[in-house]
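# Okay, here's the prediction I keep looking at, along with the sequence it came from:
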Amino acid sequence: MGFLETLIIIAVFIYIINVIPVFMPPTWTILAFYYIKLHPPLLPAAIVGAVAATLGRITLYYIAKTRFRKFFPKNYLENYDSLGNFFRKRKKLSIPLFLTYAFFPISSNYVYIAAGLAKIDIRLLAASFLLGRIFSYSFWIATSHIVINRIDDVFSSRFSNIGVIILELLGLLIIIVIGKVNWKKILKI
């Protein structure tokens, strides 16, 4: 398999798993797997992975914004709208916060779902995410030799590990709790 074909496969797969809201392995583990098995150059793999993940998360954002809102009660949506207004008015706070989050090797699906529900400016979130993920994916891919013997477990135990299932359910619960909070009152906006 050639270099270009490898990157296309990586991009398509990463895009798809980043659109799906729950129970998907972290993108950096997919990139580490491909890096170990197919040996693409590090930086192009990280850039392709970050772009595909960002596009997938943007899609998830719009799904949350246009489709998920109908599943929440009016008071939750008002709370999400207040949170969105807070971040729109405080862009100097939003960018460093979004960028910092993007450096962590933790799933961003709940951030994008909450951002979609809150109608946060996707351009700021996506640009911060893309930049942070290029650097963090490069780091995680480069250090993937540490997990080389366990990477297959990411796929085989994703649905059978009760701890993973509990964490995913807690993530969904966080989305509900964020909507329950009266952000207008707390943030005094």
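It's in. Numbers count the residues shown, from 1 in each chain.

# quick one: least confident helix or strand in the protein?
Within the chain, confidence by mean pLDDT, DSSP states H and E is lowest for helix 151-156 among all helices and strands, at a mean of 54.

# So which residue is smack in the middle of this protein?
Ser108 (2.5 Å; Cα atoms, centre = their mean).

# And the next helix or strand past the helix or strand that contains Ala115?
For Ala115, the element it lies in under DSSP states H and E is helix 109-118. Per DSSP H and E, the first helix or strand lying C-terminal to helix 109-118 is helix 122-142.

# where in this structure is pLDDT low?
Along the chain, segments meeting pLDDT under 70 span 145-161, 163-164.

# Please enumerate the helices of it.
In the chain, the helices defined using DSSP state H lie at 3-19, 27-38, 42-66, 74-89, 91-102, 109-118, 122-142, 151-156, 162-180, 183-186.

# Tell me which of those sits most buried.
Highest mean neighbour count among these (mean count of other Cβ atoms under 10 Å): helix 109-118, with a mean of 24. Using the backbone N, CA and C atoms, a C-beta is placed for each residue, glycine as well.

# What is that helix packed up against?
helix 42-66, helix 74-89, helix 122-142, helix 162-180 (3 or more Cβ pairs under 8 Å, 6 or more residues apart in numbering; DSSP states H and E).

# what's the distance between Ile113 and Tyr35?
Look at Ile113 and Tyr35: by Cβ to Cβ, to the nearest Å, they are 28 Å apart.

# same question but for Tyr76, I mixed them up
41 Å.

# Same question for Pro25.
14 Å.

# again with Glu78
45 Å.

# OK, contacts around Ile166?
Shown in contact with Ile166 (Cβ atoms under 8 Å, 6 or more residues apart in numbering): no residues.

# To clarify, my last question referred to Ala118.
80-81, 83-84, 87.

# Including distance to Lys65, could those go into TSV?
Shown next, in TSV, are those (distance: Cβ to Cβ, whole Å):
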residue	distance to Lys65
Tyr80	10
Asp81	11
Leu83	13
Gly84	10
Phe87	14
